[in-house]
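S.K.: fold the stuff below for me.
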Amino acid sequence: MRGNRERLRSAVSTGAAILVGNCLLAFTVAIFIIPQGIIMGGATGVGIVFGRFLPLETATIVLVLNLLALVLGGVVLGRKFVMTTVASSLLYPLFLGMVQKIPGIDSVTDNLMLSALFGGGLVGIALGMVMRVGSSTGGTDVVNLVLHKWTHIPVSVTVYLTDIVILGGQALFADPEQILYGIVLLVVETVALDRVMLLGQSQIQLFVISSQYEAIRRKILDELQAGATMVCIETGMTGQQQRGVLCVIPPRKLFAAKELIQQVDPAAFLTITQIKEVRGQGFTTERIYKE
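M.R.: Modelled structure (predicted):
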């Protein structure tokens, strides 16, 4: 019963993230990117290029491109991949077409810098929401995975190659200022995407070397309510065998941890490292307390 509730909750949260992410992406593109002619990558960038030659809306072109990419992905990558990608492939162009019909949606701002900053940030947030739940926005993402399977070139390289081609196609019709603001948009998008992907997952790792390691271990377990791992080490100068204390904590506990260690041993050697993600008991699964 509990397992069914967990699966239902996971399915609802995944669906909500895909729905909200694609809706936010459509609003951002319609408000900040298309009206200003700022260049961008992905299927939207291809749609903007083709829109100069075809009497079709960008949303219609993106929908056709996504459907073609889905067919290609189904043939090369299999039905399972299509099932995880079909939602975004259809939702985004449909939302974009609806948003573009809202009166005045393309005249919110005529400031290129504001459009690049807000556009990049919101696109990064939207893509991050979709990718965090293991989905894809379709389009060129599918093409990149297909190229990877055919050529065995790393996906990161195929992403750069396809984006360079798409941005180059738009640059032929854009003025230098629009190209520069497009670069700003891509940088902001990358930063925002990275932050959203790691939101709530980044942790702090402490490694303590002290002769009072047992007292530090007890205080971390009892007062800080955090886990600790004892690591066998040998001191460099004296060759003395002792133990180091390894501990992973959320950022909010860092100050308390430093104060606690200083109280036990003011001369303790302490390193503090930010790590991108932690998985396992106490973080992604429930902590088990033992007597």
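
S.K.: can you give the domain ranges for this protein?
M.R.: 2-197, 203-275 (automatic domain parsing).

S.K.: start to end distance for the last one?
M.R.: Across domain 203-275, the terminal residues are separated by 5 Å (CA to CA, to the nearest Å).

S.K.: pick the most deeply packed of the domains of the chain.
M.R.: Stretch with highest mean neighbour count among the domains of the chain: domain 2-197 (a mean of 18; mean count of other CB atoms under 10 Å). No exception for glycine: its C-beta is placed from N, CA and C like everyone else's.

S.K.: and the average pLDDT for it is what?
M.R.: Per-region confidence: domain 2-197 scores 82 on mean pLDDT.

S.K.: only alpha carbons, please: show stretch 104-120 as PDB.
M.R.: Listed in PDB are the C-alpha atoms of stretch 104-120, where the atom choice follows Å, rounded to 0.1, in the frame of the first residue of the first chain:
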ATOM      1  CA  GLY A 104       0.400  42.100 -26.000                       C
ATOM      2  CA  ILE A 105       2.600  39.100 -25.100                       C
ATOM      3  CA  ASP A 106       5.300  40.200 -27.500                       C
ATOM      4  CA  SER A 107       5.500  43.800 -26.200                       C
ATOM      5  CA  VAL A 108       6.300  43.300 -22.500                       C
ATOM      6  CA  THR A 109       9.700  44.800 -22.900                       C
ATOM      7  CA  ASP A 110      11.900  46.100 -25.800                       C
ATOM      8  CA  ASN A 111      15.100  46.100 -23.700                       C
ATOM      9  CA  LEU A 112      17.500  43.500 -25.100                       C
ATOM     10  CA  MET A 113      19.600  43.200 -21.900                       C
ATOM     11  CA  LEU A 114      16.500  42.600 -19.800                       C
ATOM     12  CA  SER A 115      15.300  40.000 -22.300                       C
ATOM     13  CA  ALA A 116      18.600  38.200 -22.400                       C
ATOM     14  CA  LEU A 117      18.900  38.100 -18.600                       C
ATOM     15  CA  PHE A 118      15.300  37.100 -17.800                       C
ATOM     16  CA  GLY A 119      15.100  34.900 -20.800                       C
ATOM     17  CA  GLY A 120      18.300  33.000 -20.000                       C
END
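
S.K.: and the longest strand along the chain, what does it pack against?
M.R.: With DSSP state E setting the assignment, residue counts place strand 241-249 as the longest strand in the chain. On a contact count with 3 or more CB pairs under 8 Å, 6 or more residues apart in numbering; DSSP states H and E, strand 241-249 meets strand 203-209, helix 213-222, strand 229-234.

S.K.: using a markdown table, lay out the ones you listed together with mean pLDDT.
M.R.: Formatted as a markdown table, the helices and strands packed on strand 241-249 follow (pLDDT from 0 to 100):
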| stretch | mean pLDDT |
| --- | --- |
| strand 203-209 | 91 |
| helix 213-222 | 92 |
| strand 229-234 | 91 |
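
S.K.: redo those as a markdown table? Include distance to Ala126.
M.R.: Output for the helices and strands packed on strand 241-249, formatted as a markdown table (distance: least, CB to CB, whole Å):
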| stretch | distance to Ala126 |
| --- | --- |
| strand 203-209 | 25 |
| helix 213-222 | 39 |
| strand 229-234 | 38 |
